[in-house]
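> I'll drop the sequence and a predicted model, then ask my questions.
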Amino acid sequence: MTAADPVLSELREYRARQGGLRIEALFAADPGRASDFTTSADGVVLDWSKTLIDAPARDLLLRLAEPVAARRQAMFSGQRINETEGRAVLHVALRNLDRDFTVDGASVMGPVRETHARMRRFAEHVRSGGIRGQGGPITDVVNIGIGGSDLGPAMAARALSHWHDGPRVHFVSNVDGADIADVLKGLDPETTLVIVASKTFTTIETMTNAATARDWMAARVEVPAAQFVALSSAQDKTAEWGIAADRVFGFDDWVGGRYSVWGPIGLSLMIAIGPEMFARFLAGGAAMDDHFLTAPDARNLPVLLALVGIWHHQVCGYATRAVLPYDNRLARLPAYLQQLEMESNGKRVAMDGSDLALPSGPVVWGEPGTNGQHAFYQLIHQGTAVVPCEFIVAARGAEPGLDHHHLLLVANCLAQSEALMRGRSLDVARAMMRDAGLTGAEAERQARHRVFPGNRPSTTLLVEQLTPFALGQIVALYEHRVFVEGVILGINSFDQWGVELGKELALQVAPLLEGREAGGHDPSTLNLARVVRELRG
């Protein structure tokens with residue numbers, strides 16, 4: 001039992017007493033609700049008024065956040081809060097280069113600053129042509145990684161594509177040969193730089209793809225290793241690959257994979273947008289860190305976003321959360337947040353190893369607007385399951401000549417959140433059918449198909465424009481949101497043992513597919529392996 005359990009019980013009882021209360025009624029009862037439930041920091045605006053959280057519910061939720069301050073201080077002071085792995089959690093050090101962070105009393109900032117300086121020099125030389133391929137200046141960069149070594153830089157590189165002025169960047173993650181084949185087929189090995197992102201340099205998917213890229217390059221390049229870079233702490237293994245030490249960028253074990261885009265894992269992004277814009281990205285994250293550290297809980301964006309999530313999932317019982325960025329360049333953000341939330345808080349035991357007595361993290365999914373409107377919005381508007389929605393939008397686009405596109409995009413975003421809340425009653429639908437000339441049973445039948453229950457909650461996150469600084473703020477906001485939820489739930493948000501078992505078994509299944517004996521498998525797996533062998537001939 002965690003300290004949160006009694007408060008969560010009170011919250012569930014309070015939600016039950018709300019009964020069929022509608023969000024619109026909260027606005028009617030409180031003319032100041034829209035401003036009271038809108039919070040901002042450094043140009044990031046969070047509107048959480050379109051939820052059933054009223055003042056009493058907010059007060060109860062804020063009680064849940066009381067343990068956060070001590071845990072937050074423990075994280076920023078370098079304590080080993082990742083207890084199952086005995087590690088500190090200090091990804092914030094990678095973006096706060098003017099601060100001092102320590103682990104076990106020793107500063108870690110010297111190596112961090114040195115690595116960032118090396119990254120800047122390397123990126124500048126690649127962008128200027130000082131570092132060249134064996135056929136000329138670098139035209140393309142291929143980042144090979146998986147999980148946090150792919151999702152973070154791939155998401156950020158697409159999000160900031162407007163700011164690209166360096167070599168083209170590409171990303172390979174899936175061990176499916178189609179992934180690397182599709183990326184490499186349009187590139188020139190002599191002008192391509194390959195970045196292999198694996199802390200241990202043993203990740204099987206990454207190293208399989210890296211070996212394929214090396215073979216591809218060897219067909220045209222005399223010394224393939226000269227066009228490889230390693231983002232790894234395993235310098236013995238990178239040396240075996242022939243990668244020069246000055247092209248190896250390492251990071252400590254207190255940087256988790258899904259929190260690593262701020263350091264060496266972000267090298268591909270730095271090459272694409274340049275060191276100055278990358279510094280603005282870091283500055284945005286650091287600004288959100290300052291806000292998280294200093295703002296009171298009642299005005300603290302990560303705390304409030306976490307409390308809204310707890311209300312919807314652990315109190316109301318809504319199983320999923322939709323992330324809906326109204327910006328096509330944020331197309332990979334939902335996938336990035338899937339990993340951030342579901343790998344961090346998809347746990348079944350508390351910190352002490354006891355069974356978790358309440359639901360852990362929700363299913364996170366989404367798609368950019370307006371594409372999603374023509375796909376799954378049918379379900380979130382009229383389906384039987386309530387799906388809390390998180391809209392993300394910028395007031396201004398990056399293409400001045402296409403501002404009419406952006407205004408239409410923003411209009412759709414605001415309209416969707418309003419429609420989810422308001423819905424359409426049966427009486428209104430009946431009137432529509434009468435106006436259309438329908439009568440009797442047919443009018444009633446058609447009207448029922450046009451009813452929207454409404455009262456479906458959403459939040460809206462608004463920034464002025466999707467700049468590197470703003471993206472840094474958004475990513476850090478969600479990182480801290482996940483941290484706060486984990487503290488409230490009493491779980492370790494910084495390990496990921498759930499990803500291990502399937503990977504271990506894959507190594508045991510591989511011999512079956514090659515026709516070699518391998519014991520210890522269930523009948524279904526053995527039969528599937530047999531069928532695969534037959535289909536492969």
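Received, thanks. Residues are numbered from 1 along each chain as shown.
> Just the local confidence number for the nearest residue in space to Pro224 that is not next to it in sequence, please.
Sequence neighbours aside, Met217 is the residue nearest to Pro224 in space, at 4.1 Å (criterion: Cβ to Cβ, 6 or more residues apart in numbering). C-betas here are computed from N, CA, C, even on glycine. Here the pLDDT value assigned to Met217 is 96.
> Next, Met217: secondary structure please.
helix (DSSP: H, G, I helix; E, B strand; the rest coil).
> Verify the stated contact: it with Pro189.
Yes: using Cβ atoms under 8 Å, Met217 makes contact with Pro189 at a distance of 4.4 Å.
> Next, show the common contact partners of these two.
Gln227 (Cβ atoms under 8 Å, 6 or more residues apart in numbering).
> Settle it for me: which of these two has more neighbours?
Ranked by neighbour count (other Cβ atoms under 10 Å), Met217 and Pro189 place Met217 first, with 25 against 20.
> ok, that one - contacts?
189, 192, 194, 224, 227.
> just checking, the fourth one touches Ala211?
The one in question is Pro224. No: applying Cβ under 8 Å as the test, Pro224 and Ala211 come out as separate, 10.5 Å apart.
> which one of these two has more residues nearby?
A count of neighbours by other Cβ under 10 Å puts Pro224 above the other of Pro224 and Ala211, at 20 against 13.
> Would you mind measuring from the more buried one to Val323?
39 Å (Cβ to Cβ, to the nearest Å).
> Contact partners for the residue nearest the centre of the chain?
Taking Cα atoms, centre = their mean as the criterion, Leu337 is the residue nearest the geometric centre of the chain, at 2.2 Å. By Cβ under 8 Å, 6+ apart, the contact list for Leu337 reads 323, 364, 366, 478.
> Quick check: of the residues you listed, which has the highest neighbour count?
Gly366 (25 neighbours).
> contacting residues around that one?
Residues counted as contacts of Gly366 (Cβ under 8 Å, 6+ apart) are 322-325, 333-334, 337, 372, 390.
> taking these one by one, which sit in strands?
322-325, 390 (DSSP state E).
> Please identify which pair of those lies farthest apart.
Ala322 and Pro325 (10.6 Å; Cβ to Cβ).
> More neighbours: these two, which one.
The neighbour comparison of Ala322 against Pro325 (other Cβ under 10 Å) goes to Pro325, with 27 against 21.
> Just give the nearest non-adjacent residue to the more buried one, would you?
In space, and not counting its chain neighbours, Pro325 is closest to Ile392: 4.2 Å by Cβ to Cβ, 6+ apart.
> can I assume that neighbour sits in a helix?
No: under the criterion used here (three-state DSSP), Ile392 is strand, not part of a helix.
> hey, where'd the strands end up in the protein?
Going by DSSP E, the chain shows strands at 38-41, 44-47, 102-103, 106-107, 132-133, 136-137, 140-144, 168-172, 192-197, 228-231, 320-325, 363-366, 389-394, 458-463.
> could you redo those as a markdown table and give each row distance to Gly515?
A markdown table is the format used below for the strands of the chain (distance: least, Cβ to Cβ, whole Å):
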| stretch | distance to Gly515 |
| --- | --- |
| strand 38-41 | 60 |
| strand 44-47 | 57 |
| strand 102-103 | 49 |
| strand 106-107 | 53 |
| strand 132-133 | 41 |
| strand 136-137 | 46 |
| strand 140-144 | 30 |
| strand 168-172 | 29 |
| strand 192-197 | 31 |
| strand 228-231 | 34 |
| strand 320-325 | 42 |
| strand 363-366 | 38 |
| strand 389-394 | 49 |
| strand 458-463 | 53 |
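> To Ala57, which of the ones you listed lies closest?
strand 458-463 (14.7 Å).
> related to what we said a few turns ago, of the ones in strands among the contacts of Gly366, which is the nearest to Val451?
Looking across these and measuring by Cβ to Cβ, the closest to Val451 is Ala322, at 21.2 Å.
> ok, what's across the strand from that closest one?
Beta-bridge partners recorded for Ala322 (DSSP bridges): Trp365, Cys389.
> tell me the contacts of it?
Taking Cβ under 8 Å, 6+ apart, we find Ala322 in contact with 365-366, 376, 380, 387-390.
> Roughly how far does it sit from Gln338?
11 Å.
> which residues do those two both contact?
Common neighbours of Ala322 and Gln338 (Cβ under 8 Å, 6+ apart) are Trp365.
> mind checking which helix or strand of the protein has the lowest mean pLDDT?
helix 500-513 (a mean of 84; mean pLDDT, DSSP states H and E).
> So for that one, what gets flagged as buried?
Residues of helix 500-513 classed as buried: 509, 512 (neighbour count, 16 or more other Cβ atoms under 10 Å).
> in the stretch 151-300 of the chain, what spans have low per-residue confidence?
Within the stretch 151-300 of the chain, no stretch has pLDDT under 70.
> Grab the longest helix from this protein for me.
Ranked by residue count and defined by DSSP state H, the top helix of the chain is helix 468-489.
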